[in-house]
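1. based on what follows, work out the 3D shape:
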Amino acid sequence: MKNNREALITKNYIQFCYTCQKAHECVTEKQCMDCWVEKGVAPAELLDENETQRLLREYAE
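-> The predicted structure is shown next:
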């Protein structure tokens, strides 16, 4: 899942942040991810590491 998350973040940086007029306002990765979720370009559960850990624990049970 980490590789998928990293690939999604990289793809979104290139696709959405590069052309965004407000890109200079996002100074942390977390701010960028919140923006993507707000705009609906990335599902929150793919960006939330805690969600991934929770799901893995559920699968292991």
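2. where in this protein is pLDDT low?
-> In the predicted model of the chain, residues 1-3, 44-52, 54-55 satisfy pLDDT under 70.
3. that one: helices as residue ranges?
-> Assigned by DSSP state H, the chain shows helices spanning 2-12, 29-39, 44-47, 49-60.
4. which residues are in contact with C17?
-> Taking C-beta atoms under 8 Å, 6 or more residues apart in numbering, we find C17 in contact with 23, 26, 32. (Glycine included, C-beta is placed from N, CA and C.)
5. how about the first one: what's its closest non-neighbour residue?
-> The shortest distance from A23 to any residue other than its chain neighbours is 4.8 Å, reached at C17 (C-beta to C-beta, 6 or more residues apart in numbering).
6. now do the last one
-> On the basis of C-beta to C-beta, 6+ apart, the spatially nearest residue to C32 that is not a chain neighbour turns out to be C26, at 4.6 Å.
7. list the contacts of the one you found.
-> C26 touches 17, 32, 35, counting by C-beta under 8 Å, 6+ apart.
8. now swap in A42 and tell me
-> Counting by C-beta under 8 Å, 6+ apart, A42 has contacts 8, 12, 33, 36.
9. okay, the residue lying closest to the second one once chain neighbours are set aside and Y59: tell me how far apart.
-> What it means is N12. Nearest non-adjacent residue to N12, counting by C-beta to C-beta, 6+ apart: W36, 5.4 Å away. As judged by C-beta to C-beta, to the nearest Å, W36 and Y59 stand 26 Å apart.
10. those two: who's more crowded?
-> Counted by other C-beta atoms under 10 Å, W36 and Y59 do not tie: W36 has more neighbours, with 23 against 7.
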